[in-house]
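J.: Quick one: sequence and predicted model below, then my questions.
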Amino acid sequence: QVQLVESGGGLLQAGGSLTLSCAASGRSFSSYVMGWFRQAPGKEREFVARISRSGGDRTYADSVKGRFTISRDNAKRTVALQMSSLKPEDTAVYYCAATTMSWSNYVSPRQYVYWGQGTQVTVSS
């Protein structure tokens with residue numbers, strides 16, 4: 001089992017940058033594929049980015065590709081999401097999540113068992 005706590009959210013103007021962090025407690029952090037998801041008001045939770053157990057593989061949603069970067073530090077039990085060139089449509093609650101499922105081409109929030117409480121990111125135009 002792993003507990004996840006996000007931080008780093010905030011209010012900023014379009015074009016700005018922000019880094020979200022997720023701290024994990026519990027055992028075997030390196031055994032989890034880690035992901036970031038987001039949910040805007042009235043919308044379903046959507047995939048943003050994920051990173052493999054070793055950090056060698058990353059996947060991004062098309063909407064954030066080239067603007068966001070996911071990284072992890074297994075020694076520190078942290079995963080980060082660097083966001084740049086932010087747009088108003090990036091406004092959402094961002095969640096860190098963990099799964100023990102195998103890495104595959106299919107990504108869904110339903111694959112992730114452990115979730116943080118979320119951190120709000122608001123981008124004004």
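T.: Right, received. Where do you want to start?
J.: Can you show me the strands along the chain?
T.: Assignment of strands within the chain using DSSP state E yields the ranges 2-7, 10-13, 18-26, 33-39, 46-51, 58-60, 68-73, 78-83, 92-99, 114-115, 119-124.
J.: For Leu81, which non-adjacent residue is closest in space?
T.: Nearest non-adjacent residue to Leu81, counting by Cβ to Cβ, 6 or more residues apart in numbering: Leu20, 4.4 Å away. (Glycine included, C-beta is placed from N, CA and C.)
J.: what's the closest of the strands of the chain to Asn105?
T.: strand 58-60 (8.7 Å; Cβ to Cβ).
J.: what sits against Thr59?
T.: Ala49, Arg50, Val107 (Cβ atoms under 8 Å, 6 or more residues apart in numbering).
J.: now with 10 Å?
T.: Counting by Cβ atoms under 10 Å, 6 or more residues apart in numbering, Thr59 touches 33, 35, 47-52, 65, 70, 103, 105, 107.
J.: okay, who's weakest in those by pLDDT?
T.: Sorting the contacts of Thr59 by pLDDT puts Asn105 at the bottom of the list (82).
J.: circling back: go ahead and confirm the residue nearest to Leu81 touches Phe37.
T.: No: at 11.5 Å, Leu20 does not count as touching Phe37 under the criterion of Cβ atoms under 10 Å.
J.: list the residues that contact both of those two?
T.: Contacts common to Leu20 and Phe37, judged by Cβ under 10 Å, 6+ apart, are Val48, Tyr94, Tyr95, Cys96, Gly116.
J.: Show the contacting residues for the third one.
T.: In this case it means Tyr95. Tyr95 sits in contact with 4, 6, 20, 22, 35-39, 45, 48, 109, 112, 115-119, where contact means Cβ under 10 Å, 6+ apart.
J.: just the second one next, same as before
T.: Tyr94 is in contact with 6, 8-9, 18, 20, 22, 36-39, 48, 81, 83, 116, 118-121, counting by Cβ under 10 Å, 6+ apart.
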